[in-house]
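**Student:** sequence and predicted model, in that order:
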Amino acid sequence: MSGKKATGKTIGEVEKLTGIPKRELKYFIEQRLVQPSQKSESGYWLYSDEDILRAQFVSLCRELDFPVRSIRAIFSAPSRHWQTELERQIVRLTEKKVRTEAQLARTEALRLNWKTQEWASLIQSSI
């Protein structure tokens, strides 16, 4: 190091500050979405305020089910990819919503009809 004392927060401090579990922060590092920018004298990675903001952004994107490749694209050229990736994610989530609603409707139909002879014999033959 260059004589200047490293400053920043350890992964444990970032977890306490942001609520992002260490395991998730480590995943972000493995996926090359976040990289702590400094190391302490004892060799621990330290997160700067900018690193923490990036981790929070990645966490939000993951919470919203953005694929890792989309997050990488956003970071590679935010002004070019942010709007496009938002639109793609809206389409993905809308499709997922439609599938989930169809599954819910089928499940509710099964619940209403589970006592019919046809369903009862099907279930009994499966056991």
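**Tutor:** Cool, the structure landed.

**Student:** the protein: strands as residue ranges?
**Tutor:** 38-39, 45-46 (DSSP state E).

**Student:** tell me what the first one is packed against?
**Tutor:** Of the remaining helices and strands, those touching strand 38-39 by 3 or more C-beta pairs under 8 Å, 6 or more residues apart in numbering; DSSP states H and E are strand 45-46. All C-beta atoms are positioned from the backbone trio N, CA, C, and that covers glycine.

**Student:** re the thing from before, okay, the strands of the chain in TSV with mean pLDDT, distance to R99 and mean neighbour count next?
**Tutor:** Putting the strands of the chain into TSV (pLDDT from 0 to 100; distance: least, C-beta to C-beta, whole Å; neighbours: other C-beta atoms under 10 Å) gives the following:
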stretch	mean pLDDT	distance to R99	mean neighbour count
strand 38-39	90	44	14
strand 45-46	93	40	18
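
**Student:** okay if I get those strands as TSV plus distance to I29?
**Tutor:** What follows is these, written out as TSV (distance: least, C-beta to C-beta, whole Å):
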stretch	distance to I29
strand 38-39	13
strand 45-46	8
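
**Student:** nearest to L104, out of those strands?
**Tutor:** Among the strands of the chain, strand 45-46 comes nearest to L104, with 43.6 Å by C-beta to C-beta.
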